[in-house]
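1. Just need the structure, nothing else, for what follows:
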Amino acid sequence: MIWWTIPEEQLLETAEKWKGVCWVGSRAPLEGNELRALKATGANALSQTPFGWQNGVNNPEIRWEVNAERQWWGETAKGIQATHDSSQVLGIMNMLKPHLWVRGSWPGEIEMLDEGDWELWFENYRGFILDYAKLAESLKIPMLCIGTELEKTSQREEDWRKVIAQIRKVYSGKLVYAANFTEFDKIKFWDELDYIGIQAYFPLADKHNPGLEELKAGWEKQMPKIEKVVRKYKKPVIFTEIGYCNTVDAAIEPWVWPNERMEVEFSEAAQARCYEAFFESAWPKSWLAGVFFWKWYPNRHDREPDFTPQGKEAEAVMTKYFSIE
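-> So this is what the prediction gives:
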């Protein structure tokens, strides 16, 4: 195989990049200035995340209510519409990115134990994602993420192709699937979508407080695998999520939740270097159509540690690169 000898300039080129964040739906209606603070960073995109709930990784039942008043306001249909409309006025593109919340685990562990349960799970998942596809179409939201980190389901290629075909019947915007960084190169249905989506929590270092050059070297190790998929499917890539905690171990296992880092030393500098390494390594690639940083709150809070760059050195790094024309 000689795919790696193709010059960089021959890789897929994208138009203006999406400079995005993963927006956290608020408990109460927005007051008006929250999105202007995001716009001030140079951001031109955000993702909105309503939830469906699954009681266990082997349970095919999924619960969701698009219009449920019991949810946080920002995750309801009304909140999604208001956030979309308000951000659109500021030139901020929206992606609707429904997630499954799995009791006691995460979506990557969802796996049915027999064929009957698989059929039922996909029937339920189609109902869930089609409801949100219809909502996205009615609100004219231009991009829909059809699934996130469903790693043990995505190997069922034909089932997912059926899901995509049904989504296309009710939704006319762009489609992406958010594949875990351990999953994206195994998916075979990228040809049916508009983007290759990657949850880009790649490990970049094996020690605390790595330097910028070490972090950039960590990125260089990831590029060949990404570019091989780009060449095969000739689709641009979106990093549907990427993020780092403000802790000294941020680059080792970036996906680890903050509540598992409570005993780890805080470090805004380590988080900021992770952002800098991304912008110096992956961001300039011609195949990268956009990025969504996890995560951004309508109002800054003081819970620490956390993934958000708000009010930290990482926000300055993000603003520096997002503001470059």
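2. contact partners of the longest strand belonging to the chain?
-> Identified as the longest strand of the chain according to DSSP state E is strand 288-296. Residues from elsewhere that reach strand 288-296 (CB atoms under 8 Å, 6 or more residues apart in numbering): 14-15, 17-24, 38, 45-47, 95, 195, 200, 236-243, 278, 282-283, 307-310, 318. Any C-beta I mention is one placed from the backbone N, CA and C, and that applies to glycine too.
3. how about 7 Å then?
-> Contact with strand 288-296 is made by 14, 17-24, 38, 45, 47, 195, 236-243, 282, 307-310, 318, as judged by CB atoms under 7 Å, 6 or more residues apart in numbering.
4. Sort out for me which of those are in helices.
-> Counted as lying in helices by DSSP state H, out of the contacts of strand 288-296, are 38, 318.
5. Derive a ChimeraX selection command for the buried subset of the contacts of strand 288-296.
-> Command for ChimeraX, covering only those of the contacts of strand 288-296 found buried under the criterion 16 or more other CB atoms under 10 Å:
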select :14,17,18,19,20,21,22,23,24,38,45,47,195,236,237,238,239,240,241,242,243,282,307,308,309,310,318
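6. Go ahead and confirm residue 117 touches residue 59.
-> No: applying CB atoms under 7 Å, one finds residue 117 not in contact with residue 59, separated by 8.3 Å.
7. Residue 184 reaches residue 198, doesn't it?
-> Yes: shown here, residue 184 and residue 198 form a contact pair, counting by CB under 7 Å, at 4.9 Å.
8. More neighbours: which of the two?
-> Taking other CB atoms under 10 Å, residue 184 and residue 198 do not tie; residue 198 has more neighbours (27 against 22).
9. For residue 275, the count of nearby residues, please.
-> Using other CB under 10 Å, residue 275 has 26 neighbouring residues.
10. how much space between the closest residue to it other than its chain neighbours and residue 293?
-> Distance criterion CB to CB, 6 or more residues apart in numbering; nearest residue to residue 275, sequence neighbours excluded, is residue 317 at 4.2 Å. Separation of residue 317 from residue 293 (CB to CB, to the nearest Å): 10 Å.
11. These two: who's more crowded?
-> Using other CB under 10 Å as the criterion, residue 317 and residue 293 rank with residue 293 on top: 27 against 20.
12. what bridges to that one?
-> Counting by DSSP bridges, residue 293 is bridged to residue 21, residue 242.
13. Can I get the host helix or strand of residue 36 in CSV, CA atoms only?
-> Element membership for residue 36 (DSSP states H and E) is helix 34-39. Only the C-alpha atoms of helix 34-39 are listed here, as CSV (Å, rounded to 0.1, in the frame of the first residue of the first chain):
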residue,chain,number,x,y,z
GLU,A,34,-24.9,34.4,26.4
LEU,A,35,-24.5,33.9,22.6
ARG,A,36,-22.8,37.2,22.1
ALA,A,37,-20.1,36.2,24.5
LEU,A,38,-19.5,33.0,22.4
LYS,A,39,-19.5,35.1,19.2
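14. Number the residues from 134 up from this point.
-> From this message on, residue numbering opens at 134, which makes the last subject helix 167-172.
15. List the buried residues of it.
-> Using 16+ other CB under 10 Å as the test for burial, helix 167-172 gives 167, 168, 171.
16. quick one: average pLDDT of that helix?
-> The average pLDDT within helix 167-172 is 96.
17. now swap in stretch 363-382 and tell me
-> 98.
18. do stretch 349-357 as well
-> On average, stretch 349-357 scores 98.
19. can you check stretch 292-309 too?
-> Mean predicted confidence for stretch 292-309 is 98.
20. ok, residues contacting that stretch?
-> Stretch 292-309 has contacts (CB under 7 Å, 6+ apart) with 255, 258-259, 262-263, 266-267, 269-270, 274-279, 287, 322, 325-328, 330, 371, 373.
21. Which among those count as buried?
-> Among these, those scoring as buried are 255, 258-259, 262-263, 266, 269-270, 274-279, 287, 322, 325-328, 330, 371, 373 (criterion: 16+ other CB under 10 Å).
22. next one: the host helix or strand of residue 263 to chain centre, how far?
-> In the assignment (DSSP H and E), residue 263 maps to helix 248-272. Put simply, helix 248-272 sits 19 Å off its chain's centre (CA atoms, centre = their mean, to the nearest Å).
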